[in-house]
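Q: Only the shape, not the letters, is given here:
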Ligand SMILES: Nc1ccn([C@H]2C[C@H](O)[C@@H](COP(=O)(O)O)O2)c(=O)n1
Ligand SMILES: [Zn+2]
């Protein structure tokens, strides 16, 4: 005990020749749960190959555990180099793309999504609303409702109201949230002759 107190009171750590004053209280600028889960949905959307709209969804249980993530993309086996990405015409992406919400539900890593919450960038369409209701998700937190005038969105809301699925728009405190890979230890990482990450990394193939 004495040693810990001594350390805290001294509040100085020795780093080679430098003396760095270390904080002893917790950070106050950490992100909230809502920011964390919505940002996770937005990060997932970065994997989408859709050239116009990238959507991500993140499902969370009551212990704040992430239990499913998804983004809009072609179904497994349907090459995103061969299937169409155009918005209009006979051969349109809309015939094929799996929506982020559907993928997040299918990607779940628990047996049952009963009473879970979905964070999603865009208000769910009517087809995804059906999936959401049937999966037992009880709350949808969305960022944009830009298609609110469309019959698909109106149908979603009608079904959510009937099925008692709560939905509300998340208004972020900050317009952007930056992920800076350099903030942890970039200088030292660059000095490592052969990066240990290379040996540990998974094959980064670019399938759906
Ligand atoms: N809630 C939503 C709405 C749309 N998507 C997907 C489906 C398409 O890939 C894209 C929309 O394309 P757009 O009509 O804007 O060119 O976003 C989704 O995953 N979830
Ligand atoms: Zn949908």
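A: All right, it came through fine. What you see is a predicted model; the values in this text were computed from it and never measured. Ligands and ions are numbered 1, 2, ... in the order given.

Q: which residue ranges form the helices in this protein?
A: Ranges of helices within the chain are 2-10, 33-45, 100-106, 126-135, 151-163, 186-191, 196-200, based on DSSP state H.

Q: Show me what from the chain comes close to ligand 2.
A: Those residues of the chain that sit near ligand 2, judged by C-beta under 5 Å from the ion, are 99, 125, 128. Quick note: C-beta positions are derived from backbone N, CA and C, even for glycine.

Q: mind putting these in CSV, neighbour count, distance to residue 171 and pLDDT included?
A: Shown next, in CSV, are the residues of the chain next to ligand 2 (neighbours: other C-beta atoms under 10 Å; distance: C-beta to C-beta, whole Å; pLDDT from 0 to 100):
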residue, neighbour count, distance to residue 171, pLDDT
99, 21, 23, 98
125, 18, 22, 98
128, 26, 22, 98
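
Q: Between these, which sits nearest residue 65?
A: Using C-beta to C-beta, residue 128 is the member of those that lies nearest residue 65, at 21.9 Å.

Q: The chain against ligand 1: which residues are in contact?
A: Residues of the chain lying near ligand 1 by C-beta under 6 Å from any ligand atom: 50, 52-53, 55, 72, 87, 93, 97, 99-101, 122, 124-125, 128.

Q: Now that we have those residues, which of them are buried?
A: 50, 53, 55, 72, 93, 97, 99-101, 122, 124-125, 128 (16 or more other C-beta atoms under 10 Å).

Q: how about the residue nearest to residue 164 when sequence neighbours are not counted, what does it touch?
A: Nearest residue to residue 164 in three dimensions, chain neighbours excluded: residue 138, at 7.6 Å (C-beta to C-beta, 6 or more residues apart in numbering). Neighbour list for residue 138: 114, 115, 116, 117, 164, 165, 166 [criterion: C-beta atoms under 8 Å, 6 or more residues apart in numbering].

Q: Any figure for the gap between residue 138 and ligand 2?
A: 18 Å (C-beta to the ion, to the nearest Å).

Q: Just name the most buried of the helices of the chain.
A: With neighbours defined as mean count of other C-beta atoms under 10 Å, the helices of the chain peak in mean count at helix 100-106, which reaches a mean of 25.
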